[in-house]
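> Build me a model:
(one chain, ligands or ions: 1)
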Amino acid sequence: MPGESADALDTLYRDLDAASLRPLWTITEQLLTPAPRPKAVPWLWPARTMRPLAERAIGLVPVERGGERRVLSLANPGLGGRPYAAGTLWGAIQCLGPRESAPAHRHTPGAVRFVLEGQGVWTTVDGDSCAMRPGDLILTPAWNWHDHVNEGDEPMFWFDGLDLPMIEALDGVFFEPHPDHRQPVRGRNLSEDGYAAAPGRLTPGGVDGALDPAPSPLLVYRWSDTDAELDRLAARTGEPMVTLEFTNPRSGASALPTLACAMHRLAAGRPTPPVRRSGNTVCVVHRGTGASVIAGTRFAWEPGDMFVVPSWMPVEHRAETPADLFTLSDTPVLRALGIYREETLDAAQPVTGTFEPRGETFP
Ligand code: 1HN
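Predicted coordinates:
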């Protein structure tokens, strides 16, 4: 009898549920999507909103053990309140007031800092004290002790990028505070002694290089080097956009095993072709103004703004003035697994909307 079998089926589903079993045939289509369907949405956090809020936090919130860092995380509205810029990436603005220091600790998630504003902060990474200046990239590889000390008289602001959501998904997070507030310092800018001029630390193009489970021994990539190399590359190619990846000078691989960092220089008024890639990207505007179209929505940007391009969403950039964009992505992980994809699309995307920043902005 059909009725009987329908009842029997209902009972089966109830009993499966009670036994903590899920029938795949009812959920196949939400699990095996034809292409990535990230929960994260394209989003932009304006510097004009973040900067004054960070400054207010300096006045109100001390940096202490337990809290560890004065960090405002980019919380993608698609992720239901989780403090992540995208499913795999942490992005944030961190600030440290004059003469403040953030205590030494280490953790299995790896981190990078891209400096936005100020001077006088030293980040010590396993005893190597690294100066931080605007436009510099500083690495704190997994399980390296690190602390930040502001020896200057002005506040400093930088972007933090971490692979924390990936390491959390792998249930691989370990964290340990250092026994002392500050770790012992072996010297200043030591990693640069050996590698600052090494070939293979700035690689044109990126994404198809070597893979390496070891992080870069060079911990600091100075803006002056990046800038000069971008100039040379732009002059040579004449393209609307040139890209330098910050690479491990020993192997040519990404800066950290899980994270790729790059700087893109955009010529004014020349749009880039639309591209989509598997994996997530966080962009930080270092210089210039312009706009990016992400999956049909136009995001206007200026220096210090941060925005996210979720997996497989087409993106194209157009600078109004000569512009430099820093990007952080999880590409090395997808490549290590043999599943990375990238595609250039034929035609510019139709623009179906304009992004309106949320929260007050302060001109
Ligand atoms: C961390 O240790 C830092 O050391 C910054 O500056 C941001 C976000 C999540 C977890 C650890 C830092 C972080 C973080």
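
> Dig out what whichever residue of the stretch 151-300 of the chain sits closest to the ligand forms beta bridges with.
The stretch 151-300 of the chain approaches the ligand most closely through residue 160 (4.2 Å), counting by Cβ to the nearest ligand atom. Any C-beta I mention is one placed from the backbone N, CA and C, and that applies to glycine too. Beta-bridge partners recorded for residue 160 (DSSP bridges): residue 92, residue 113.

> repeat for residue 354
residue 298.

> Settle this for me: it is touching residue 294, isn't it.
No. Using Cβ atoms under 8 Å, residue 354 is not in contact with residue 294, being 11.6 Å away.

> what about the two, which has more around it?
Higher neighbour count among residue 354 and residue 294: residue 294, with 26 against 11, using other Cβ atoms under 10 Å.

> who are the neighbours in contact with that one?
When contacts are counted by Cβ atoms under 8 Å, 6 or more residues apart in numbering, residue 294 is found next to 42, 307, 309, 313, 314, 315.

> which of those are the two that sit furthest away from each other?
Spatially, the most separated pair among the contacts of residue 294 is 307 and 314, at 14.3 Å (Cβ to Cβ).

> Please say which of these two ends up with more neighbours.
Set residue 307 next to residue 314 and count neighbours by other Cβ under 10 Å: residue 307 wins out with 24 against 19.

> show me the contacts for that one.
By Cβ under 8 Å, 6+ apart, residue 307 lies in contact with 42, 43, 44, 45, 282, 283, 292, 294, 299, 301.

> swap in residue 305?
44, 45, 46, 47, 284, 285.

> and the gap between it and residue 131?
In this view, residue 305 and residue 131 are 25 Å apart by Cβ to Cβ, to the nearest Å.

> same question, residue 251
Applying Cβ to Cβ to residue 251 and residue 131 gives a distance of 25 Å.

> in the stretch 151-300 of the chain, which spans are strands?
Remark: strands assigned in the stretch 151-300 of the chain by DSSP state E, counting those that start in this stretch are 156-162, 175-177, 187-188, 202-204, 220-221, 241-246, 260-266, 275-277, 281-287, 290-294, 297-301.

> Need the residues that contact the last one.
When you say that, I think you mean strand 297-301. So strand 297-301 is in contact with 42, 44, 285, 289-293, 307, 351-355, going by Cβ under 8 Å, 6+ apart.

> picking that back up, got JSON lines for the strands of the stretch 151-300 of the chain, with mean pLDDT too?
Shown next, in JSON lines, are the strands of the stretch 151-300 of the chain (pLDDT from 0 to 100):
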{"stretch": "strand 156-162", "mean pLDDT": "98"}
{"stretch": "strand 175-177", "mean pLDDT": "98"}
{"stretch": "strand 187-188", "mean pLDDT": "97"}
{"stretch": "strand 202-204", "mean pLDDT": "96"}
{"stretch": "strand 220-221", "mean pLDDT": "98"}
{"stretch": "strand 241-246", "mean pLDDT": "98"}
{"stretch": "strand 260-266", "mean pLDDT": "98"}
{"stretch": "strand 275-277", "mean pLDDT": "98"}
{"stretch": "strand 281-287", "mean pLDDT": "98"}
{"stretch": "strand 290-294", "mean pLDDT": "98"}
{"stretch": "strand 297-301", "mean pLDDT": "98"}
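
> Please convert those strands to CSV, extending it with distance to residue 36.
Below are the strands of the stretch 151-300 of the chain laid out as CSV (distance: least, Cβ to Cβ, whole Å):
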stretch, distance to residue 36
strand 156-162, 20
strand 175-177, 30
strand 187-188, 43
strand 202-204, 26
strand 220-221, 30
strand 241-246, 22
strand 260-266, 18
strand 275-277, 9
strand 281-287, 13
strand 290-294, 14
strand 297-301, 18
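
> With residue 320 as the reference, name the closest of the ones you listed.
Nearest of the strands of the stretch 151-300 of the chain (Cβ to Cβ): strand 290-294, 4.8 Å.

> Now do that closest one and strand 281-287, the angle between them.
170 degrees (axes from the mean of the first three to the mean of the last three Cα atoms, to 10 degrees).

> I figured residue 265 hits residue 230, correct?
Yes. At 4.5 Å, residue 265 counts as touching residue 230 under the criterion of Cβ under 8 Å.

> Of these two, give the one with the bigger neighbour count.
Per other Cβ under 10 Å, whichever of residue 265 and residue 230 has more neighbours is residue 265, with 25 against 19.

> and the gap between the nearest residue to residue 288 once chain neighbours are set aside and residue 137?
Take residue 288 and drop its neighbours on the chain: the residue closest to it by Cβ to Cβ, 6 or more residues apart in numbering is residue 323, 2.7 Å away. Distance, residue 323 to residue 137, using Cβ to Cβ: 17 Å.
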